[in-house]
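Q: only the shape, not the letters, is given here:
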DNA sequence: TCGGTCTCCGACTAATTCAGTCGGATATAC
DNA sequence: GTATATCCGACTGAATTAGTCGGAGACCGA
């Protein structure tokens, strides 16, 4: 459904918290987990991945924790998604280089889909954590559809005349 | 991983084939399934959904089959995804109206994520089946990253320094 | 009118992915 | 040395997705 996993949600949430810390401060995984009501062990695992991707830096020992490894404006949403979920792929084909769908030699849609995928990725790579928090104060550079902020997803895309849930 | 399901892949593939049919022609589900090496019953099911969403029109009886219910240039990728996968949601929060994550009252990321989601959806709603096929001849209006056509996904986003697969 | 071919539909099972848990290792401040 | 922190892999259960099965109704041609 073109959606991010819960893990990524959690990760972004934690990162957005780290963004607000002052220089030198760190927040422990448990602290963050309690703050946002996320299972402690799960968030710990997510933070480990972010650490491995050098998005956060870990400080061991008591009074340790995590802090951003570089300024929030240098951390893109795309890199966060990639760190937590692994290599993103828009279609099944684009995961490998297409050798596994050799049955579909007549696959005419791979190329256009790859383009779309790239465009989405580029968009996500232009949005940083810094902009994420700015949007609290209703200024957000990526806004295109004003109705997007509405909670009801059904009405987000007026294009969808008919929907069926499985 | 921000990816489309296989069903959607199959659906787009079938639709791209229907696009090439002449006026009055129809292709049966089985015909399409054999053509693209897709399980017959599965594709039949996908076509049914597309029919329900009025993207294709079904013709019963022998010598029947499916054809597009309107010109390819009036069928957006977004509507196809929506028809096959149901209401798209970028995050878990945006699926319902947020009542189920009331634990996350401090959720500061919902709004910016909703914006990103809307932007992706808008992009997909601007691309039609017609453009899908034009791209065979290397002219494609949505191109932004030229390297996107490369098969190797690892190099698509140079931003991703570190990736880990689960 | 009868049989074959088609769409149509829902329910079912299998396979895969995702969320969350557990146990144990290492690092460090007090 | 001990308590608290990260770290890491392996495991289980839940949820989603892929694919299957069986049967009903529509339609064309003989």
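A: Sure, I can see it. Predicted, not measured: the structure shown is a model, and the values here were computed from it.
Q: flag the shaky bits of chain A, pLDDT-wise.
A: Residue ranges of chain A with pLDDT under 70: A:1, A:87-106, A:133-166.
Q: strands of that one, residue ranges please.
A: Secondary structure of chain A (DSSP state E): strands located at A:56-59, A:65-68.
Q: a markdown table for those, including distance to DNA strand C and mean neighbour count?
A: (C-beta placed from N, C-alpha, C; glycine too.) Shown next, in a markdown table, are those (distance: least, Cβ to the nearest atom of the strand, whole Å; neighbours: other Cβ atoms under 10 Å in any protein chain shown):
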| stretch | distance to DNA strand C | mean neighbour count |
| --- | --- | --- |
| strand A:56-59 | 7 | 18 |
| strand A:65-68 | 11 | 21 |
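Q: want to throw the ones you listed into TSV with distance to chain B?
A: Putting these into TSV (distance: least, Cβ to the nearest Cβ, whole Å) gives the following:
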stretch	distance to chain B
strand A:56-59	12
strand A:65-68	15
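Q: remind me, longest helix of chain A?
A: The longest helix of chain A (DSSP state H) is helix A:110-126.
Q: is that helix positioned near DNA strand D?
A: No. Helix A:110-126 lies apart from DNA strand D when judged by Cβ under 7 Å from any atom of the strand; the minimum separation is 14.2 Å.
Q: quick one: buried residues of that helix?
A: A:110-125 (16 or more other Cβ atoms under 10 Å in any protein chain shown).
Q: hey, what's the angle from it to helix B:110-126? Just curious.
A: 150 degrees (axes from the mean of the first three to the mean of the last three Cα atoms, to 10 degrees).
Q: any part of helix A:110-126 near chain B?
A: Yes. Under the criterion of Cβ under 8 Å from any Cβ of the partner chain, chain B is reached by helix A:110-126 at A:111-125.
Q: now the helices for chain A?
A: A:6-19, A:29-36, A:40-52, A:77-85, A:110-126, A:129-134.
Q: using TSV, please lay out these together with distance to residue B:23.
A: Shown next, in TSV, are these (distance: least, Cβ to Cβ, whole Å):
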stretch	distance to residue B:23
helix A:6-19	46
helix A:29-36	57
helix A:40-52	53
helix A:77-85	43
helix A:110-126	24
helix A:129-134	49
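Q: returning to what we had before: of all the strands of chain A, which lies closest to residue B:25?
A: Using Cβ to Cβ as the measure, strand A:56-59 is the one of those that comes nearest residue B:25, at 57.1 Å.
Q: ok, and what's touching that closest one?
A: Residues from elsewhere that reach strand A:56-59 (Cβ atoms under 8 Å, 6 or more residues apart in numbering or on different chains): A:15, A:18, A:26, A:47-48, A:50-51, A:64-69.
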